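S.K.: Got a sequence here, can you model it:
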Amino acid sequence: QLVESGGGSVQAGGSLRLSCAYSGYYSRYCMGWFRQAPGKEREGLARKDAAGFSRYADSSTGRFTISRDVAKNTLDLQMKNLIPGDTAMYFCAASNNRYDCAFDTWDYQYWGQGTQVTVS
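M.R.: Below is the predicted model of the structure:
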């Protein structure tokens, strides 16, 4: 089970921290954050593989930071300098491709329900 939280409404230039609580079943999975805006495809933002290495998509590099607390089974996404274009539903996902996961949605088998982020 993956449960996202932390979404909300924020003004442009503001920050939000999203969190994903997951069961211990995913503790050795690759975990990632994705988002989907209305009428657009779901896009990957950042992921952390089973070894703890992070990778960022071009759209999030420099503004978003992914972190993982293996003791608490949480995956966070710190977002800063938000712009209206960041408005979307944000999802946490898990992939059993532990070390080679990237941002292909088909590579992730488990998804949370999402949390809405609105930037105005």
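S.K.: From here on, just use CA atoms for contacts and neighbour counts.
M.R.: Will do.
S.K.: Setting the sequence-adjacent residues aside, check what's closest to the most centrally placed residue in the chain.
M.R.: Of all residues in the chain, the one closest to the mean position by Cα atoms, centre = their mean is Trp33, 1.8 Å from it. Sequence neighbours aside, Cys92 is the residue nearest to Trp33 in space, at 4.7 Å (criterion: Cα to Cα, 6 or more residues apart in numbering).
S.K.: Show me what the helix or strand encompassing the one you found packs onto, helices and strands only.
M.R.: Assigned by DSSP states H and E, Cys92 belongs to strand 88-95. Packing partners of strand 88-95 (3 or more Cα pairs under 8 Å, 6 or more residues apart in numbering; DSSP states H and E): strand 2-5, strand 30-36, strand 110-111, strand 115-119.
S.K.: need those strands in CSV with distance to Arg47 and mean pLDDT, can you?
M.R.: What follows is those, written out as CSV (distance: least, Cα to Cα, whole Å; pLDDT from 0 to 100):
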stretch, distance to Arg47, mean pLDDT
strand 2-5, 15, 97
strand 30-36, 4, 97
strand 110-111, 13, 98
strand 115-119, 17, 98
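S.K.: Make CSV out of these and add distance to Met79.
M.R.: Conversion of the helices and strands packed on strand 88-95 to CSV gives the following (distance: least, Cα to Cα, whole Å):
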stretch, distance to Met79
strand 2-5, 13
strand 30-36, 12
strand 110-111, 20
strand 115-119, 11
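S.K.: looking at these, which is buried most?
M.R.: Most buried of these, by mean neighbour count (mean count of other Cα atoms under 10 Å): strand 30-36, with a mean of 25.
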